[in-house]
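Student: After the sequence you'll find the predicted model.
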Amino acid sequence: MRNLKLATLLIAALSFGALYGKSANTQVQRVGMVIGVKTDQISAYEALHAASNPGVRDLLNKYNMHNFSIYIRRLDDGKYYLFGYYEYTGTDYKADMEKLAAEPRNQKWLSMTAPMQTPLAGENAWAMMKEVYHND
């Protein structure tokens, strides 16, 4: 009976890992990025990202991007900036990002959001940020 319970627990644990695409060896890669947003486009940008608009959320999950959040803040220079954060849980970040970039629906999404944004000097899109600290 004890072996049956252990086997059941093991199967449940493996099923959970398969369901969420994670294993005990999966290392979460946290990604932070920043970009400007045009003041006159903030309302439209927020509407595109509203909870009622599914946008490309399923594609983010498909390519192992989870807990994706975007924040907005007006800084002392008077400009508004977006801070994005997500956790990547896959095993081949470069390949997943290439596949996501090739998705027609993602390309359409980016063609709508890119004109609303203002990349930082020297950047073409979101600027990646260096993680300084993380508390588990």
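Tutor: All right, it came through fine. These numbers were taken from a predicted model, which means no experiment stands behind them.
Student: Now do Thr113 against Ser52, distance only.
Tutor: Separation of Thr113 from Ser52 (Cβ to Cβ, to the nearest Å): 17 Å. (C-beta placed from N, C-alpha, C; glycine too.)
Student: wait, I meant Ala44
Tutor: Distance of Ala44 to Ser52, computed by Cβ to Cβ: 15 Å.
Student: So the two - more neighbours on which side?
Tutor: More crowded of Ala44 and Ser52, by other Cβ atoms under 10 Å: Ala44, with 15 against 5.
Student: Excluding chain neighbours, what is closest to that one?
Tutor: In this structure, Ala44 finds its nearest non-sequential neighbour in Met116, 6.3 Å apart by Cβ to Cβ, 6 or more residues apart in numbering.
Student: Ok, Glu46 next?
Tutor: Nearest non-adjacent residue to Glu46, counting by Cβ to Cβ, 6+ apart: Ile72, 7.9 Å away.
Student: can you check Ala114 too?
Tutor: The spatially closest residue to Ala114, leaving aside those adjacent along the chain, is Ala125, at 7.2 Å (Cβ to Cβ, 6+ apart).
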